[in-house]
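Asker: Predicted model and sequence below, questions to follow.
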Amino acid sequence: MIEFELGVDALWATRMGYSPLGELACSLRALGSPGSVPLLRPLLRHVPGQVAAEDLRLLRLAVPDGRFVPDFLYPADLDPSVSLDDQLAGVEALSLARYEAELSQVWAPAPVPAPLSGESGRAQLVRALHNYAEHVLAPIRPHLRAALDAEVGQRAERATRDGLNGMFTDLHPEIRVDGTRLTITKAHHACTGLARASITLVPSVFVWPRLVVVNRSPGNVQLHYPVREIGRTWGDIGSTNRSEDALAALIGATRASILRDLTIPRSTSQLAQMLGISPGGISTHLSILRRNGLVTATRHGRSVLYRRTMLGTSVAAVGVDISDTR
């Protein structure tokens, strides 16, 4: 069990982080035990055949079933623009001693598997991680990022409305806030008080239903927790391949696609990437939808996230119902 004293300093030090590599590691963990995470099946069922067998064997050694995952696969960055390549470069720059020490903790008391050992093992692992990301995660990356951005926006709104304590509300069943004390129930962690530790909250799609605690140092703890929009994320996949229907006939095919793809908040650039349309074209359509009360816009940092209104949700649902009864 881990306990935090949520004093003013600890609360002000709480930040939202991003971990493309951690998300990849969580997807591998889910892939290794698909029966325990049925909600992730729609996203993982296309993996077989997409990754070379030798790469998949190596990745499963790095993220083995029933064991911990090495901390170097869970970096967190406060910059939302951090990329997977940035974080893979961090693994390459890691000292060999730390790389092997973390793998030894994962595999103890057994030795680290030979394919992972040494400089050559690390180089092969980085290559396999990159290949997996390109063949499995790249096609769905806009959906994943939209879910993460929506979660960060919702947490920020909660903090604004309820104070910084509100960032921890409903974060995960293993987390409990009682006054100024935050308790994390983890059987494999000794009872530890971390009164002065800073906390980095890292939303994740693939970590569901787990909570991953990473102690980078005595003064910094990362909590990789599941986003709340996970179910909608899977329902969105493949949404850009719709045929003409009643809603498209009513408001136009592009605006119908935009409206349906806003099941979770998205930015102009995310919609443009998903639909293969220029950001300028997306902005024009969003302006029309906004003027007619179907979407709203909220600024989040340097981005503007668009959400469906209740009217927009109703119109999207009615359009589907009409087309399904033709």
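Answerer: That came in fine, so what should we check first? Numbers count the residues shown, from 1 in each chain.
Asker: CA only for contacts and neighbour counts going forward, please
Answerer: Will do.
Asker: can you give me the helices in the chain?
Answerer: Using DSSP state H, the helices of the chain run over 8-12, 20-32, 41-44, 53-62, 84-93, 96-107, 118-132, 141-162, 230-236, 246-251, 253-261, 268-275, 279-291, 310-324.
Asker: Ile199: which of the ones you listed is closest?
Answerer: Ranking the helices of the chain by their distance to Ile199 (criterion: C-alpha to C-alpha) puts helix 8-12 first, at 7.4 Å.
Asker: So for His300, which of the helices of the chain sits nearest?
Answerer: Counting by C-alpha to C-alpha, and looking across all of those, nearest comes helix 141-162 at 6.5 Å.
Asker: Return the set of buried residues in that closest one.
Answerer: Across helix 141-162, burial judged by 16 or more other C-alpha atoms under 10 Å covers 141-156, 158-159.
Asker: roughly how far apart are Tyr74 and Leu84?
Answerer: With distances taken as C-alpha to C-alpha, to the nearest Å, Tyr74 is found 11 Å from Leu84.
Asker: Identify the contacts common to the two.
Answerer: Counting by C-alpha atoms under 8 Å, 6 or more residues apart in numbering, the shared contacts of Tyr74 and Leu84 are 19, 21.
Asker: The two: which is more packed in?
Answerer: Tyr74 (25 against 18; other C-alpha atoms under 10 Å).
Asker: from memory the more buried one sits against Ser19, does it?
Answerer: Yes: contact status for Tyr74 versus Ser19: in contact at 6.7 Å, counting by C-alpha atoms under 8 Å.
Asker: Now for those two: what residues contact both?
Answerer: Once C-alpha under 8 Å, 6+ apart is applied, it turns out that Tyr74 and Ser19 contact no residue in common.
Asker: Enumerate the positions of stretch 198-212 that are buried.
Answerer: Counting neighbours by 16+ other C-alpha under 10 Å, one finds that the buried residues in stretch 198-212 are 198-212.
Asker: Could you point out which of those is nearest to Pro111?
Answerer: If you rank the buried residues of stretch 198-212 by distance to Pro111 using C-alpha to C-alpha, Val212 comes first, at 24.0 Å.
Asker: burial of the closest residue to that closest one other than its chain neighbours, as a residue count?
Answerer: Nearest residue to Val212, sequence neighbours excluded (C-alpha to C-alpha, 6 or more residues apart in numbering): His224, at 5.0 Å. By other C-alpha under 10 Å, 30 other residues sit near His224.
Asker: How much space separates the residue sitting nearest the centre point of the chain from Ala76?
Answerer: Relative to the mean C-alpha position of the chain, the nearest C-alpha, by C-alpha atoms, centre = their mean, is the one of Ser204, at 3.0 Å. According to C-alpha to C-alpha, Ser204 stands 11 Å off from Ala76.
Asker: next one: Arg176
Answerer: Taken as C-alpha to C-alpha, the span from Arg176 to Ala76 is 23 Å.
Asker: Tell me which of the two has more neighbours.
Answerer: Comparing Arg176 with Ala76 by other C-alpha under 10 Å, the one with more neighbours is Ala76, at 25 against 17.
Asker: residue contacts, the more buried one?
Answerer: 17-19, 22, 200, 202, 222.
Asker: next one: Ala123
Answerer: For Ala123, the residues meeting the contact criterion (C-alpha under 8 Å, 6+ apart) are Glu92.
Asker: again, only this time at 10 Å
Answerer: For Ala123, the set of contacting residues under the criterion of C-alpha atoms under 10 Å, 6 or more residues apart in numbering consists of 91-92, 116-117, 129.
Asker: now the end-to-end length of stretch 62-79.
Answerer: Its start and end residues considered, stretch 62-79 measures 26 Å (C-alpha to C-alpha).
Asker: low-confidence ranges in this structure?
Answerer: Under the criterion pLDDT under 70, the flagged ranges of the chain are 1, 4-11, 33-49, 187-197, 216-219, 229-245, 317-326.
Asker: burial measure for the closest residue to Gly312 other than its chain neighbours, as a count.
Answerer: Excluding the flanking residues, the one nearest Gly312 by C-alpha to C-alpha, 6+ apart is Leu294, at 4.0 Å. As a burial measure, the neighbour count of Leu294 was computed by other C-alpha under 10 Å and equals 21.
Asker: Quick check: Ala89 vs Phe72, distance?
Answerer: From Ala89 over to Phe72 the distance is 11 Å, taken as C-alpha to C-alpha.
Asker: quick one, which of the two is more surrounded?
Answerer: More crowded of Ala89 and Phe72, by other C-alpha under 10 Å: Phe72, with 20 against 12.
Asker: Right, I'll leave it there.
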